[in-house]
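**Q** structure of the sequence below:
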Amino acid sequence: MSSLFWASSLLVLILSLIIIEKKQFRAFSENKGKILIADTCPLGNRQYLVVAQYGKEKHLIGVNPNAISHLSKLEDTEFVTVSSPSSQNEDIS
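**A** Next up is the predicted model:
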């Protein structure tokens with residue numbers, strides 16, 4: 001009878017630990033991160049330029065299958081709005 005009690009107690013302890021661990025993992029995974037991908041530009045051959053934003057800071061990142069490289073920190077003055085090529089090809093007659 002004593003061994004049944006200890007086995008049941010051990011089972012309850014293990015299940016309690018599993019439930020606690022899952023709650024902690026869920027709380028961690030539901031945490032909204034502050035790192036955002038602001039923009040991407042494919043360069044071909046599985047190479048990309050990525051603008052990653054953390055808070056108000058933006059960084060230019062180079063990504064390829066073998067490496068991820070920090071290229072530069074972008075300042076607010078470096079952002080330029082570029083219009084699409086189709087809007088520049090207006091028919092002037």
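
**Q** which helices and strands sit right next to the helix or strand hosting Pro42?
**A** If you go by DSSP states H and E, Pro42 is part of strand 35-44. The elements that strand 35-44 packs onto, with contact taken as 3 or more Cβ pairs under 8 Å, 6 or more residues apart in numbering; DSSP states H and E, are strand 47-54. Quick note: C-beta positions are derived from backbone N, CA and C, even for glycine.

**Q** got the angle between the strand it packs on and strand 35-44?
**A** Angle, strand 47-54 to strand 35-44, by axes from the mean of the first three to the mean of the last three Cα atoms, to 10 degrees: 170 degrees.

**Q** distance of the closest residue to Lys73 other than its chain neighbours relative to Phe5?
**A** Distances taken as Cβ to Cβ, 6 or more residues apart in numbering put His59 closest to Lys73, at 5.4 Å, once the chain neighbours are dropped. His59 sits 59 Å away from Phe5, going by Cβ to Cβ, to the nearest Å.

**Q** who has more neighbours, the two?
**A** His59 (16 against 9; other Cβ atoms under 10 Å).
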